[in-house]
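Visitor: Fold the following and give me the result.
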Amino acid sequence: MTVIFIRLFFVFLGSIIGYYVGWLIGDFNHTYALAGAGVGFFGALLVIFVEIRLRRLSVRNLSAAVFGLIFGFFMAWLLTLVIRLIPMDEKIYSAFNIIFVLVFCYLGMVIAMRGKDEFNLIIPYVRFSRQEQKDEIIILDTSVIIDGRIIDIAETRFIEGRFIVPRFVLRELQQIADSQDALKRNRGRRGLDILNRLQKGSHIGVKIHDEDFPEVKDVDAKIIKLARFLNAKVITNDFNLNKIAELQGVTVLNINDLANALKPVVLPGEEMRVRITKEGKEYNQGVAYLDDGTMIVVDNGRHLIGQTINVVVTSVLQTSAGRMIFANRPGANLRRESRGR
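Guide: Numbers count the residues shown, from 1 in each chain. Presented below is the predicted three-dimensional model:
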């Protein structure tokens, strides 16, 4: 509403100024004054139209272009000073001056925009903060927002800093929420609800970041590029994004790795009580699960499906997908050894 009011006020001022300019140019003639008001009105509308069309223009791209333009002017001015030392006609010198300004301004803008990531400390698109204040930036990807465990982690206050949700991640969540597939639609809506709860209830600030990289199509690649630009960390539970980010030197906090690290330690020889829920892949195996989802494979437990029994851990296998525990009923190894004798 404020922007609309400003635009209307700008159109009004444009018409008034146009009327005044027409009044002066036309020697206080009302016809010229009305014509000037019309020109001012349509000119203001044209400026507003250009402003609306430039809404998607990146501030960082604009900053880089302005820096390149200034640098181009400076280089053209230096070169014309050198050319001035050579005796030549004033018209030829003026022609060289115009050519140098045009060429160097163009090259400066193009080169600066192509290498805008290298101007982080020069162009005015950097974060200023006190040196003693640590403000860690953490970027959330789509998968970790939909997962939802990030809320529990944030509420424990083990993470300090500020959450960043890129605009392109928010668009991806909206596309998933609008999907024709019911499962995808529910996942997308859950992600939007999680993000809303995170903004309202978390002690960590959540900011929507408008920076986009139109030349990059893949969302994961955009997240990595944004993390490198902001010198930020990425929270995810996407295995592929985790590996690609590590290869490019971006720090990744994987929630699945955190969950695996926090699972209780189980050593061979320990006894536990579990409920056999289904049969295993191998012959005569039963499968049980701990409260945290860890799978327990019980030898000779297929016929005990639906029963709660005591088992003894025989070995623990740690994989990238999680941890798997192998167990047997108490005394099974002793009975096997006695039969072998």
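
Visitor: All the helices of the stretch 101-250 of the chain, residue numbers only.
Guide: 142-147, 149-155, 167-177, 182-201, 219-230, 239-247 (DSSP state H, counting those that start in this stretch).

Visitor: Make TSV out of these and add distance to Leu8, mean neighbour count and mean pLDDT.
Guide: For glycine as for every other residue, the C-beta is placed from the backbone atoms N, C-alpha and C. Shown next, in TSV, are the helices of the stretch 101-250 of the chain (distance: least, CB to CB, whole Å; neighbours: other CB atoms under 10 Å; pLDDT from 0 to 100):
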stretch	distance to Leu8	mean neighbour count	mean pLDDT
helix 142-147	38	23	87
helix 149-155	42	17	82
helix 167-177	28	17	88
helix 182-201	32	15	85
helix 219-230	36	20	86
helix 239-247	46	15	84
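
Visitor: Could you export the ones you listed as a markdown table, including distance to Ile17?
Guide: Compiled in a markdown table, the helices of the stretch 101-250 of the chain are given as follows (distance: least, CB to CB, whole Å):
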| stretch | distance to Ile17 |
| --- | --- |
| helix 142-147 | 49 |
| helix 149-155 | 52 |
| helix 167-177 | 36 |
| helix 182-201 | 43 |
| helix 219-230 | 41 |
| helix 239-247 | 53 |
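
Visitor: So which of those helices is nearest Phe74?
Guide: helix 219-230 (25.9 Å; CB to CB).

Visitor: what's the angle from that closest one to helix 239-247?
Guide: 30 degrees (axes from the mean of the first three to the mean of the last three CA atoms, to 10 degrees).

Visitor: Need the contact partners of helix 219-230.
Guide: Under the criterion CB atoms under 8 Å, 6 or more residues apart in numbering, residues 117, 120, 137, 139, 141-142, 164, 166, 168-169, 172, 209, 211-213, 216, 232-234, 238, 240-241, 244-245, 248-251 lie in contact with helix 219-230.

Visitor: For Ile276, what are phi and psi?
Guide: phi -70, psi 120 (degrees, to the nearest 10).

Visitor: and it, bridged to which residues?
Guide: Ala288 (DSSP bridges).

Visitor: Could you measure from it over to Glu155?
Guide: Distance from Ile276 to Glu155, counting by CB to CB, to the nearest Å: 35 Å.

Visitor: Could you do Val312 as well?
Guide: For Val312, the distance to Glu155 - CB to CB - is 37 Å.

Visitor: The strand ranked longest in the chain: what's the following helix or strand?
Guide: For the chain, the longest strand by residue count, based on DSSP state E, is strand 308-319. Using DSSP states H and E, the helix or strand that follows strand 308-319 in sequence is strand 322-328.

Visitor: got the angle for that following strand vs strand 308-319?
Guide: 140 degrees.

Visitor: Name every strand pairing with strand 322-328 and say which way it goes.
Guide: In its sheet, and by DSSP bridges, strand 322-328 pairs with strand 295-299 (parallel), strand 308-319 (antiparallel).

Visitor: Grab the CA positions of that strand and hand them over as PDB.
Guide: The C-alpha coordinates for strand 322-328 follow below in PDB (Å, rounded to 0.1, in the frame of the first residue of the first chain):
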ATOM      1  CA  GLY A 322      22.400 -45.500   9.100                       C
ATOM      2  CA  ARG A 323      23.200 -48.100  11.700                       C
ATOM      3  CA  MET A 324      22.200 -51.800  11.600                       C
ATOM      4  CA  ILE A 325      22.400 -54.100  14.600                       C
ATOM      5  CA  PHE A 326      22.700 -57.900  14.400                       C
ATOM      6  CA  ALA A 327      21.500 -59.900  17.400                       C
ATOM      7  CA  ASN A 328      20.600 -63.400  18.500                       C
END
